[in-house]
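Peer 1: the sequence and its predicted three-dimensional model are supplied below.
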Amino acid sequence: MWKRWVRYQKERMFWGAVGILVTNLIAFVVVVVYSMHHLFGYTYLKEIDYERFQTAAELAEASPVIVKASATADAAPYDLPYDHYTKTKVTIEEVLKDESGSLQPGEKITVLEQYWMKGRAMFPKQTVYNGNYYSKLVSGTSYLLYLAEAPEHDSFRTVAFHQGKYNLDRKDKLERRIEKKDPLYGELKQSVQAAYADKRETASPPANKP
């Protein structure tokens, strides 16, 4: 009887130790997966309600400013009491629409972007976005930007978040991924690119015929 009780206690201790080991292993795997997500992925905080445009004409009608611009490396955090953004300088290459009539090619303007860099544990440069599908401007990359003034922030903002930003030279890899995640955005981008090509063709002087 005594031996049976001792054996029962040993088995109980053994399986108890196994249970603790398995629990710790599961917790370790969860921590590793979570950490890898923050190391290699992008964090989106919330869905934002915004108007969904169907065509380039609708988007242009709602945009006081449309410019072709290249993003610079001048990007600085912009913190508000209850939210965070990044202010990025862009250089205007071409002014397609400007209701104020004050913008000129070669001028630098500030774009208020829907993301910021956040340090967390051993991942000090995690990219955190305010809303789904927006991707940050890539330095040295050319874009069509549909903008509206944000005078309270001394900058411009993209109209309808990611719908106001279109990469022209296919260097923005994250934006290309977003086209697949948001098919409506991909269709709108095709409409925007076609409208831009038509505008450039119309603006170009006809070739001299012999």
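Peer 2: Nice, I can see it.
Peer 1: how about the helices of this structure, start to end?
Peer 2: Taking DSSP state H as the criterion, the chain contains helices spanning 2-40, 56-61, 173-181, 183-203.
Peer 1: lowest-confidence stretch among those helices?
Peer 2: Between the helices of the chain, the one with the least mean pLDDT is helix 2-40; it has a mean of 58.
Peer 1: what's the pLDDT at Pro124?
Peer 2: Looking at Pro124, its pLDDT reads 59.
Peer 1: switch to numbering from 692
Peer 2: Noted, 692 is the first residue going forward, which turns the last one into Pro815.
Peer 1: mark out where each domain of the chain begins and ends.
Peer 2: Taking automatic domain parsing as the domain assignment, the record places the domains of the chain at 692-729, 747-893.
Peer 1: now tabulate those in a markdown table and tack on mean neighbour count.
Peer 2: From N, CA and C alone the C-beta is placed, and that goes for glycine too. As requested, these are exported to a markdown table (neighbours: other Cβ atoms under 10 Å):
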| stretch | mean neighbour count |
| --- | --- |
| domain 692-729 | 10 |
| domain 747-893 | 16 |
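Peer 1: let me see the contact set for the closest residue to Ser754 other than its chain neighbours.
Peer 2: Leaving aside its sequence neighbours, Ser754 sits nearest to Tyr837 (Cβ to Cβ, 6 or more residues apart in numbering; 4.0 Å). Listed by Cβ atoms under 8 Å, 6 or more residues apart in numbering, the contact partners of Tyr837 are 750-751, 753-754, 756-757, 849-851, 854-856.
Peer 1: between those residues, which sits nearest Glu798?
Peer 2: If you rank those by distance to Glu798 using Cβ to Cβ, Val756 comes first, at 11.8 Å.
Peer 1: related to what we said a few turns ago, pick the one among the contacts of Tyr837 closest to Thr832.
Peer 2: Nearest to Thr832 among these is Lys856, at 10.6 Å by Cβ to Cβ.
Peer 1: and the gap between the closest one and Tyr834?
Peer 2: For Lys856, the distance to Tyr834 equals 6 Å [Cβ to Cβ, to the nearest Å].
Peer 1: next one: Gln884
Peer 2: Taken as Cβ to Cβ, the span from Gln884 to Tyr834 is 12 Å.
Peer 1: joint contacts of those two?
Peer 2: Shared contacts of Gln884 and Tyr834, defined by Cβ under 8 Å, 6+ apart, are found at 857, 859.
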